[in-house]
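> let's see this in three dimensions:
(one chain, ligands or ions: 1)
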Amino acid sequence: MMTNRQTDASQRSNPSISPLRYLTGITTTGAPHLGNFVGSIRPSVAASRLADVQSFYFLADYHALIKCDEPARIQRSTLEIAASWLAAGLEPERVTFYRQSDIPEITELTWLLTCVTGKGVLNRAHAYKAAVDKNQAAGNDPDVDISAGLFMYPVLMGADILMFKAHQVPVGRDQIQHIEMARDMAQRFNHLYGEHFVLPEAVTEESVALLPGLDGRKMSKSYDNTIPLFTPREQLRKLIAGILTDSRAPGEAKEVEGSALFQIYQAFASAPEAAALRRAYADGISWGDAKQLLFERIERDVAPMRERYHAMINDPAKIEALLQAGAEKARAVATPFMRELRQAVGLRNLGALSAAAPKSKAAKTAAPAFKQYREKDGKFYFKLLDTNARVLLQSQGFESPKDAALTISILQNEGSAALAALQGKVEAAQGISADELDTALQFFATSP
Ligand code: TRP
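Got it, this is the predicted structure:
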């Protein structure tokens, strides 16, 4: 089941995007658990197999530094998470699979984004706010033990996403806010410097977005309530036996609502399997039997992966080589894009200013341009940018890309004479004079 705004890659919201770019990362601070598997690893491996999807998967080790100051643990976790992804079926030749810190452009982009992000926006980020609230509840100074890294976390994440122009980012529900922030950064940057970034969208699977842990709260390393994905078989059985249930006796009907055991089962089961357990609950299955069913169901999926996982963990050099190859692929995108962004914000070569210099590259490509894009509301928009990527004209939302394109072609053919008839559909941006618009639109009328 999907929420309406967050869509699944197989039902992409805009079929004209091809290939669709899909991106996700996992922070390397521990061994992956079942929550990581159903919320991130499994859906992203499935998406990587779809035709026409280009995927980017990475080990978020810069993020790990925010919460972990144990170097050996970060290194170990990087190995374990990489091996988990591969064991779950990720094919590194099909996707771009890399380690965040192998792409130094990501930290560079983080700075550019930092400069277009409001401090007030970051104040409202859940993780930071929770830390402040905790301090306040304890009667401490609000900033005790809070690093600037934690505060900047959403910006680093924005750089991860925007660097590769991801359209969709599969995440747990708790991460949706970060994707919204990345969208805002992209929008703000595009507004200031021209259309460089794609606006990303969060993808959550409603049924599994927040897998409960052993105690019924969200499964999370920070609650110490996780079931490690590749824990040995007998350990898995033991952990499942420890899932919190109520005290209803065998024979008594049980509630699926609020049952962590049921929710975890559902994240692995087919619809008929889940329906069968629901009936068994109503019929008074004992908690012991229900736990046995859950154990068997998880083990069925995990056992074959566990074997592949251990083979890989024992060959770290091979994983390192795969990551190096992935970094090369990723940097083939990141390096030229970063060059473009530096140019856009004005971190430029001064030689290009020389009057005697031949036409610079920027001038050669600079011409007024119509940019089409799609917004959160699902509608299709365009704007007209001048040679400095300043917005001259802004459209309203159109129901289809065809309607938007038609309006653009009217403007291109008829120039500013068409503006009166298009009232309500397009509007001059604030502070833009009729003359400026006229000049820009004439470019299209006179260009072949
Ligand atoms: N913050 C994510 C988490 O803790 C990991 C992450 C870092 C990420 N960068 C990302 C996820 C970019 C998606 C996209 O789970």
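> which parts of the helix or strand hosting residue 331 are buried?
Here residue 331 sits within helix 316-345, counting by DSSP states H and E. For helix 316-345, the neighbour count (16 or more other Cβ atoms under 10 Å) marks 319, 322-323, 326-327, 329-331, 333-334, 337-338, 341, 343-344 as buried. C-betas here are computed from N, CA, C, even on glycine.
> closest to the ligand out of those?
residue 330 (13.1 Å; Cβ to the nearest ligand atom).
> surely that closest one touches residue 164?
Yes: at 7.5 Å, residue 330 and residue 164 qualify as touching, with contact defined as Cβ atoms under 8 Å.
> coming back round to it: if you look at the helix holding residue 331, does any of it touch the ligand?
No: counting by Cβ under 6 Å from any ligand atom, the ligand is not contacted by helix 316-345; separation bottoms out at 13.1 Å.
> let me see the contact set for the nearest residue to residue 19 once chain neighbours are set aside.
Closest residue in space to residue 19, ignoring its immediate chain neighbours: residue 54 at 4.4 Å, by Cβ to Cβ, 6 or more residues apart in numbering. Listed by Cβ atoms under 8 Å, 6 or more residues apart in numbering, the contact set of residue 54 reads 19-22, 95-96.
> quick one, phi psi at residue 54?
When read as degrees, to the nearest 10, the backbone of residue 54 gives phi -110, psi 120.
> any residues in contact with both of residue 330 and residue 164?
56, 96.
> give me the helices and strands touching the helix or strand containing residue 238, please.
Take DSSP H and E as the rule and residue 238 turns out to sit in helix 233-241. Helices and strands touching helix 233-241, by 3 or more Cβ pairs under 8 Å, 6 or more residues apart in numbering; DSSP states H and E, are helix 287-313.
> can you give me the angle the helix it packs on makes with helix 233-241?
140 degrees (axes from the mean of the first three to the mean of the last three Cα atoms, to 10 degrees).
> angle of helix 287-313 against helix 316-345?
Interaxial angle, helix 287-313 versus helix 316-345 (the same axes, to 10 degrees): 80 degrees.
> centre of the chain to helix 287-313, how far?
On the basis of Cα atoms, centre = their mean, to the nearest Å, helix 287-313 sits 28 Å off its chain's mean C-alpha point.
> save the contacts of residue 54 as CSV, and put in secondary structure and neighbour count too.
Formatted as CSV, those follow (DSSP: H, G, I helix; E, B strand; the rest coil; neighbours: other Cβ atoms under 10 Å):
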residue, secondary structure, neighbour count
19, coil, 12
20, strand, 20
21, strand, 20
22, strand, 25
95, coil, 23
96, strand, 22
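> determine which two of those are furthest apart.
Pairwise distances across the contacts of residue 54 peak at 13.9 Å for 20 and 96 (criterion: Cβ to Cβ).
> elements contacting the helix holding residue 331?
So helix 316-345, by 3+ Cβ pairs under 8 Å, 6+ apart, packs with strand 53-60, helix 71-87, strand 96-99, helix 105-114, helix 148-163, helix 176-193.
> redo these as a markdown table? Include mean pLDDT.
Formatted as a markdown table, the helices and strands packed on helix 316-345 follow (pLDDT from 0 to 100):
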| stretch | mean pLDDT |
| --- | --- |
| strand 53-60 | 95 |
| helix 71-87 | 96 |
| strand 96-99 | 98 |
| helix 105-114 | 98 |
| helix 148-163 | 98 |
| helix 176-193 | 96 |
